[in-house]
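A.B. asks: need a 3D model of the sequence below.
(3 chains)
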Amino acid sequence: MFYTLEQIVARFGGRVMGDPLVRVNQISTLERATAAEISFLTNSKYHAQLVSTAAGAVILGEADADATAIPRIISSNPYAYFAKVSALLNPLPVISSGVHSSAVVSGTAKIDPGASVAAMATIGEGVVIGAGSIIGEGCCIGDRVVIGAGVRLYPRVVIYHDCVIGDNLIAHSGVVIGADGFGIAMDEGRWIKIPQIGRVVIGRDVEIGANTTIDRGALDDTVIEEGVKLDNQIQIAHNVRIGAHTAIAGCVGIAGSTTIGKYCQIGGSAGILGHLKIADRVVIASFTLIGKSIREAGSYAAIFPFSKMEDWRKNAVHLRHLDTMSDRLKKLEQLTTSKGHKV
Amino acid sequence: MFYTLEQIVARFGGRVMGDPLVRVNQISTLERATAAEISFLTNSKYHAQLVSTAAGAVILGEADADATAIPRIISSNPYAYFAKVSALLNPLPVISSGVHSSAVVSGTAKIDPGASVAAMATIGEGVVIGAGSIIGEGCCIGDRVVIGAGVRLYPRVVIYHDCVIGDNLIAHSGVVIGADGFGIAMDEGRWIKIPQIGRVVIGRDVEIGANTTIDRGALDDTVIEEGVKLDNQIQIAHNVRIGAHTAIAGCVGIAGSTTIGKYCQIGGSAGILGHLKIADRVVIASFTLIGKSIREAGSYAAIFPFSKMEDWRKNAVHLRHLDTMSDRLKKLEQLTTSKGHKV
Amino acid sequence: MFYTLEQIVARFGGRVMGDPLVRVNQISTLERATAAEISFLTNSKYHAQLVSTAAGAVILGEADADATAIPRIISSNPYAYFAKVSALLNPLPVISSGVHSSAVVSGTAKIDPGASVAAMATIGEGVVIGAGSIIGEGCCIGDRVVIGAGVRLYPRVVIYHDCVIGDNLIAHSGVVIGADGFGIAMDEGRWIKIPQIGRVVIGRDVEIGANTTIDRGALDDTVIEEGVKLDNQIQIAHNVRIGAHTAIAGCVGIAGSTTIGKYCQIGGSAGILGHLKIADRVVIASFTLIGKSIREAGSYAAIFPFSKMEDWRKNAVHLRHLDTMSDRLKKLEQLTTSKGHKV
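C.D. replies: Numbering: from 1, shown residues only, chains lettered A, B, ... in the order given. A predicted model of the protein is given here:
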């Protein structure tokens, strides 16, 4: 399916420079784009690639409007514009509605006629599934789960009983929503289990990456607010609340009862301890453990910088003696000052 | 289902203060509890919440026995008491025994008539499943696996061939038990695979969180002793042994052939290198890598403290020069002493 | 099935010392081996175990050829030799070819008659599966996926549409290949999704551990070259390329668009940020974050050494003041030099 630049601009705004009738049917990188494809430049420092690209058209920011003669769309946010054009040129496959004959669906489930349940899926008692939602192959939906409209569960997602899923959730394969939180109490030398009777409640427009796990609450609910985007292999413990439009990269772990603000960004493999509060618009670097609440927006980090093994060995050994080093430094300062010098 | 405080104490011990005929049917937090609910206080510093709670009853430790006039149960271990009351008020759903018609079960499997096998499950040759065990939807049980009594596998657990599962295991969705350990040998520029011919052997009363993986042994077995509690997304490599009643938080990785003692507690995202021995009752902080054996009970840590990005940048740069700093400090000390000062 | 040492050497090379007609039917550790079993010594420092072993035969390196009188095979690479002997003595179970009656297979899929599709598997439109490949229970293969020959997918592997899988892949349970990469763009306060239209392309002789995830590319492909070995719970983001014969331990995360060279080795729970280039034959320690490209082969590390909690507390507090310590040191040096000393 081809679109002219004119048609694209009519849909998404921005303005055309050069021939508005140029037609494209796919989006690609500057290096690989062909004459039938549109590309984009989101960072002026890659200007050089504009010279050599074979793209039929490009999406540029205002600052780069005159950087090429290639037919182009100028947008104030070329990265978001690229996302929209890509979605236009790559529509999701249409999945026909209805329940596959191999699926096992409880008689008390209410599945919208416009929804789709794929092969090998199981749907529990009292489940509700909204219009246009797609339950992938082998998904398992527990009793009384409520799923909104326009939801897409890829194959083998599990949702435990009683959880609530907002409209337009995308959950990738291997996601587990609502497994028991890690609640145990020591009693005469044995751990006893604390029943996890809360739910997971997920707002609208959330995406959850492959093999990510979100535990149900111990007493109250675990809550993922609207617009949250979670990458793969994230672990969210019981009673966590994640604020709207927060984005979290892969392999992050968030311990129990922590509340994260809105519009936060958390880097890969970071961690946040339990019972903390993180303010809105906090940015946390990859590999950083947050061990105290953060009350102020801003960027935070705790990365140990890597080096060649032999350098690391020489340096790291002193980490166990920083306190002594500090004491020795203090003593030297006192000695030097006591002799009449101003320090 | 309602219980009076009197009935609860008859079952679990402790003593009632105030009206013993108060009836409760659910457990809740102090903030949210209603008159039909019982709550609990496990930390005296939250005393203030006792004043404002609407709970019909509370569970308290001895020290707090007189902190409120609300009808209450006094226990020497209020947290464990809370766990027991919650289990009483929130019984697991009864699952009827029998094999679902869609399950694929080998003719040589021996499934106790009191066990349950859900839809889409597959059960291999020679498998044994004990009384009261529940095999969830889409679980896959490999050939010759032996599963004890009272086991609960949530949907989509995989157990590879020949593994042995003790009574009362709870395994959450996405758990993989018995996949091949990571054994490879370099041979003329190519890795060749080392067959993993050990098993995973799991003791009684173990719980395993969602998407956790436990690899089978290379030659001998990987062993999880009784009462071990594992959170989500933990990776346990081949030939690891985890001692009884050890509890491990989410996202921890334990490398091959390491032995961990009894009653250890390991924080989230921590790691333990291979071929180590960790003593009983060792506590390891979150995000800490253990690179040497630990022979003594106690708490251990290695967390880089986080700070604002700009402060981190200023400070972290010196980590690559700690050795030089140490040398310079030594030189200054020598200089100062050589001039006749005592340091 | 028994083999004599003579037969083994005829197959794999090396030479026999002692009785060549000794017969073994299993491989085991030196501690546990019986007279019918062969064991091995790959590290001379475990010499002592040779004295006490009851093994019927052993595999040794040249340096240890005379360290025992037990019948033995001498090899220049005893560890690889052990791997080969173990594979000989522990052949994989033969799985009969054909499609299980419960599997749901698209009419347009082309499945080699010598391939096997197990119960509950689903195979999409236009899928191609090569000779001798085994699709385990509950696997889900998306539309147009191409799978080579000799592939073994353990139960509940998911491969999204259009991915390409080389010969002899071994993928363990819970692996997800081709889920969407984490691509989002901020647009007026809301994240919008960037369609992920690339594929995952996997070379021959790759192994992937349980619950590992490999995301499809945003525009171009994510590529895993031949002979790569991945442990469990690894996260590989979109557009990563991993060079041939690189081995990666469990729980590693690799961010988007990073290229890793050939014959690298990456330790457990390490991380690599996005858009980096790592040279061939780089070794990265466990728990190390790589934040810049590495242009030179060699070993790299960034591990914070652990200590007792109280020692850690005393020392770690200074990490936030390293810059001040460095300044104070410089000031002392200037003071000392300014008084006429040579430093």
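
A.B. asks: which residue comes closest to the spatially most central residue of chain A once chain neighbours are left out?
C.D. replies: Geometric centre of chain A, nearest residue: residue A:230, 2.6 Å, by C-alpha atoms, centre = their mean. Excluding its sequence neighbours, the residue lying closest to residue A:230 (C-beta to C-beta, 6 or more residues apart in numbering or on different chains) is residue A:208, at 4.8 Å. Where you see a C-beta, it was placed from the backbone N, CA and C, and this is true even at glycine.

A.B. asks: am I right that the residue nearest to the centre of chain A is in contact with residue A:209?
C.D. replies: Yes. Contact between residue A:230 and residue A:209 holds when scored by C-beta atoms under 8 Å: they sit 5.7 Å apart.

A.B. asks: element containing residue A:86?
C.D. replies: Counting by DSSP states H and E, the element that carries residue A:86 is helix A:78-89.

A.B. asks: residues in the stretch 1-150 of chain A within reach of chain C, list them.
C.D. replies: A:27-29, A:32, A:77, A:79-80, A:82-84, A:86-87, A:90, A:93, A:100, A:102, A:118-120, A:136-138 (C-beta under 8 Å from any C-beta of the partner chain).

A.B. asks: filter the residues you listed to the buried ones?
C.D. replies: Buried by 16 or more other C-beta atoms under 10 Å in any protein chain shown: A:27-29, A:77, A:79-80, A:82-84, A:86-87, A:100, A:102, A:118-120, A:136-138, out of those.

A.B. asks: please list all residues in contact with residue A:95.
C.D. replies: Neighbour list for residue A:95: A:116, A:134 [criterion: C-beta atoms under 8 Å, 6 or more residues apart in numbering or on different chains].

A.B. asks: so where's chain A shaky on pLDDT?
C.D. replies: Within chain A, the ranges that satisfy pLDDT under 70 run A:338-343.

A.B. asks: now do the helices in it.
C.D. replies: With helices called from DSSP state H, chain A shows them at A:5-12, A:47-52, A:78-89, A:309-316, A:322-338.

A.B. asks: residue A:128: how many residues sit nearby?
C.D. replies: As a burial measure, residue A:128 scores 18 neighbours (other C-beta atoms under 10 Å in any protein chain shown).

A.B. asks: any idea what it is bridged to?
C.D. replies: residue A:110, residue A:146 (DSSP bridges).

A.B. asks: and chain A, what are its domains?
C.D. replies: A:3-89, A:98-300, A:309-338 (automatic domain parsing).

A.B. asks: please work out which of the ones you listed is packed deepest.
C.D. replies: Stretch with highest mean neighbour count among the domains of chain A: domain A:98-300 (a mean of 22; mean count of other C-beta atoms under 10 Å in any protein chain shown).

A.B. asks: the helix holding residue A:86: how far from the chain's middle?
C.D. replies: 18 Å (C-alpha atoms, centre = their mean, to the nearest Å).

A.B. asks: can you show me the CA trace of that helix as PDB?
C.D. replies: Presented in PDB, the C-alpha positions along helix A:78-89 are these (Å, rounded to 0.1, in the frame of the first residue of the first chain):
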ATOM      1  CA  PRO A  78      10.400  13.800  13.700                       C
ATOM      2  CA  TYR A  79      10.800  10.700  16.000                       C
ATOM      3  CA  ALA A  80       7.100  10.500  16.900                       C
ATOM      4  CA  TYR A  81       6.300  11.300  13.300                       C
ATOM      5  CA  PHE A  82       8.400   8.300  12.200                       C
ATOM      6  CA  ALA A  83       6.500   6.100  14.600                       C
ATOM      7  CA  LYS A  84       3.100   7.200  13.200                       C
ATOM      8  CA  VAL A  85       4.200   6.700   9.600                       C
ATOM      9  CA  SER A  86       5.600   3.300  10.400                       C
ATOM     10  CA  ALA A  87       2.300   2.300  12.000                       C
ATOM     11  CA  LEU A  88       0.500   3.500   8.900                       C
ATOM     12  CA  LEU A  89       2.700   1.500   6.500                       C
END
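
A.B. asks: among the buried ones among the residues of the stretch 1-150 of chain A next to chain C, which are in reach of chain B?
C.D. replies: A:102, A:120, A:138.

A.B. asks: so what's the closest residue to the second one other than its chain neighbours up against?
C.D. replies: Just to be clear, that refers to residue A:120. Spatial nearest neighbour of residue A:120, chain neighbours left out: residue A:138 (4.3 Å); criterion: C-beta to C-beta, 6+ apart. Under the criterion of C-beta under 8 Å, 6+ apart, the contact list for residue A:138 reads A:118-121, A:155-156, B:120, B:138, B:156, C:120, C:122, C:138, C:140, C:156.
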